[in-house]
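**Student:** Okay, sequence plus prediction incoming.
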Amino acid sequence: MENEQPVISIKGLYKSFGDLDVLKGVDFTLLKGENVAVLGRSGSGKSVLIKIIIGLLKPDRGEVIVLGQQIDKLAGKELDALRLRIGFSFQAGALYDSMDIYHNLSFPLTMNNRKLGKKDIDAAVEEALEAVGLKEKMNQLPTDLSGGQRKRIGIARALILKPEIMLYDEPTSGLDPITSTEINALIMQVQQRYNTSSIIITHDLTCAKNTGNRIAMLLDGKFQATGSFEEVFGSKDKQVESFYEYNFID
Ligand SMILES: Nc1ncnc2c1ncn2[C@@H]1O[C@H](COP(=O)(O)OP(=O)(O)OP(=O)(O)O)[C@@H](O)[C@H]1O
């Protein structure tokens, strides 16, 4: 990876809710230009980790550095500015159903840069749609699209601000295997075209295998197994083995 430069660095992160200890000493690094697939059972704390990374939740203890800044020390405009450098692709695509695709994509641009002219906005929307292969859908409503197309548009909307980090939350959930394969390929294209560093949260082992340069497995509040897909799933750890047994893979 490029100079092994970390874009996210987490050390000794703890987070509890009352008696529920969710994160119990998480250490994690995301390097510039790499894709890390985060696997973990439901309720293992993947979303809590993402919320801490984007400053929506505060850690109880530990250090979380995102793009060179200690995220829990930021607030207001500084936090907003850092968040603009991070793109999110949510499970459901989170599109505005009453707006056509053009306005779904131009909205984050105009919200964050009021000086942009129509020509620049049109060019940015076109580029993002072209990157996800859906230029022809510009004037349609999200409800006219398939689940896979909505996920693509969600990714295009995240890309329009040219983020340095992409966070994908269950990018293949609810999709058939062929559409999932297309989304996995798109995640790889985005990495190359935009030189993003990405965290891909998934239960889908095929997605993890095909999109992750590294796999990180969240077990019992910590990353207990990290490495290439083969390293993680070749390990003799009982919890890793049982995760593998209960999840389908091609
Ligand atoms: N704000 C909160 N207050 C109290 N408990 C919370 C809060 N946020 C998360 N939790 C709890 O923390 C645990 C981890 O939740 P989290 O949403 O991170 O799981 P997850 O790994 O993302 O699960 P899934 O794969 O099902 O999305 C759960 O038991 C959840 O109920």
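**Tutor:** Nice, I can see it.
**Student:** Provide a list of residues in contact with the residue most central in space within the chain.
**Tutor:** For the chain, the residue sitting closest to the mean C-alpha position, by C-alpha atoms, centre = their mean, is residue 167 at 1.5 Å. The contact partners of residue 167, by C-beta atoms under 8 Å, 6 or more residues apart in numbering, come to 50, 53-54, 86-89, 198-199, 201. Quick note: C-beta positions are derived from backbone N, CA and C, even for glycine.
**Student:** Among those, which has the minimum pLDDT value?
**Tutor:** When the contacts of residue 167 are sorted by pLDDT, the bottom entry is residue 89 at 85.
**Student:** Could you tell me which of the contacts of residue 167 belong to helices?
**Tutor:** Residues from the contacts of residue 167 lying in helices, with DSSP state H as the criterion: 50, 53.
**Student:** Stretch 103-111: how far from the chain's middle?
**Tutor:** Computed by C-alpha atoms, centre = their mean, to the nearest Å, the separation of stretch 103-111 from the middle of its chain amounts to 20 Å.
**Student:** which ones are touching the closest residue to residue 194 other than its chain neighbours?
**Tutor:** Nearest-residue entry for residue 194: residue 159, 6.4 Å, with adjacent residues in sequence omitted and distances by C-beta to C-beta, 6 or more residues apart in numbering. Residues touching residue 159, when contacts are defined by C-beta under 8 Å, 6+ apart, comprise 87, 128, 131-132, 166, 190, 194.
**Student:** List the buried residues of the longest helix that the chain contains.
**Tutor:** With DSSP H applied, the helix covering the greatest number of residues in the chain is identified as helix 177-194. Residues of helix 177-194 classed as buried under the neighbour-count rule (16 or more other C-beta atoms under 10 Å) are 179-184, 186-187, 190-191.
**Student:** just those residues now: which is nearest the ligand?
**Tutor:** Checking the buried residues of helix 177-194 against the ligand with C-beta to the nearest ligand atom, the nearest one is residue 180 at 16.9 Å.
**Student:** Roughly how far does the closest one sit from residue 204?
**Tutor:** From residue 180 across to residue 204, the span is 7 Å (C-beta to C-beta, to the nearest Å).
**Student:** in the chain, which spans are helices?
**Tutor:** Remark: helices of the chain, listed N- to C-terminal, are 46-53, 76-83, 101-112, 118-131, 147-159, 177-194, 205-211, 229-233, 238-246; assignment by DSSP H.
**Student:** Are there residues contacting both of residue 180 and residue 204? Which ones?
**Tutor:** A shared contact of residue 180 and residue 204, defined by C-beta under 8 Å, 6+ apart, is any residue touching both; here these are residue 172.
**Student:** Which one, of the helices of the chain, ends up nearest to residue 65?
**Tutor:** With C-beta to C-beta, the closest approach to residue 65 among the helices of the chain belongs to helix 46-53: 10.0 Å.
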